[in-house]
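S.K.: show me the folded form of this:
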Amino acid sequence: MSAAQLQAEMTAFQNLQKEFQKVVTSRAQLESQLKENEMVEKEFDLMKDDATVYKLVGPVLVKQDRGEAQANVKKRIEFIKNEIKRLEKQIKDMDEQQEKKRREVLQLQQAFQQRQQQVQA
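M.R.: Have a look, this model is predicted:
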């Protein structure tokens with residue numbers, strides 16, 4: 001067991017933690033998008049049937065068919081929910097990987113410390 005091996009494993013663990021944090025952040029962003037789209041869906045329910053719907057395309061508002069806009073929002077909600085499920089599975093898997101790597105690093109640290117103590121004695 002060398003110090004270089006221990007350092008390499010610790011670096012791998014830190015990289016896992018960084019990747020985990022990115023996935024958690026992505027999930028939080030999707031949750032925010034989901035809430036926003038659900039609010040838009042509720043607004044459609046409150047609108048009168050003859051209300052005009054506009055879609056923002058770049059800097060311009062373009063008139064859009066209400067049914068099409070509503071269908072797009074529903075599709076987006078479904079897509080976001082599926083992405084959240086996918087990320088939740090990924091978070092679970094990465095959490096397990098992190099725990100496994102953490103245990104490995106702890107074992108390596110203990111072995112390294114024991115070796116250092118034996119050398120000093």
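S.K.: now do the helix or strand containing residue 85, average pLDDT.
M.R.: Assigned by DSSP states H and E, residue 85 belongs to helix 66-120. Here helix 66-120 scores 94 as its mean pLDDT.
S.K.: repeat for stretch 7-26
M.R.: 95.
S.K.: got the buried residues for that stretch?
M.R.: Using 16 or more other Cβ atoms under 10 Å as the test for burial, stretch 7-26 gives 9, 13, 16, 20, 23. Backbone N, C-alpha and C define where each C-beta goes, glycine included.
S.K.: same deal with stretch 101-119?
M.R.: By neighbour count on 16+ other Cβ under 10 Å, the buried set for stretch 101-119 is 101, 105, 108.
S.K.: give me the contacts around that stretch.
M.R.: Stretch 101-119 is contacted by residues 1, 3, 5, 6, 9, 10, 12, 13, 16 when judged by Cβ atoms under 8 Å, 6 or more residues apart in numbering.
S.K.: re earlier: which among the buried residues of stretch 7-26 gets closest to residue 66?
M.R.: residue 23 (36.1 Å; Cβ to Cβ).
S.K.: and the helix or strand containing that closest one, what other elements does it pack with?
M.R.: Element membership of residue 23 [criterion: DSSP H and E] is helix 3-46. Counting contacts by 3 or more Cβ pairs under 8 Å, 6 or more residues apart in numbering; DSSP states H and E, helix 3-46 is packed against helix 66-120.
S.K.: the helix it packs on versus helix 3-46: what angle between them?
M.R.: Comparing the axes of helix 66-120 and helix 3-46 via axes from the mean of the first three to the mean of the last three Cα atoms, to 10 degrees yields an angle of 160 degrees.
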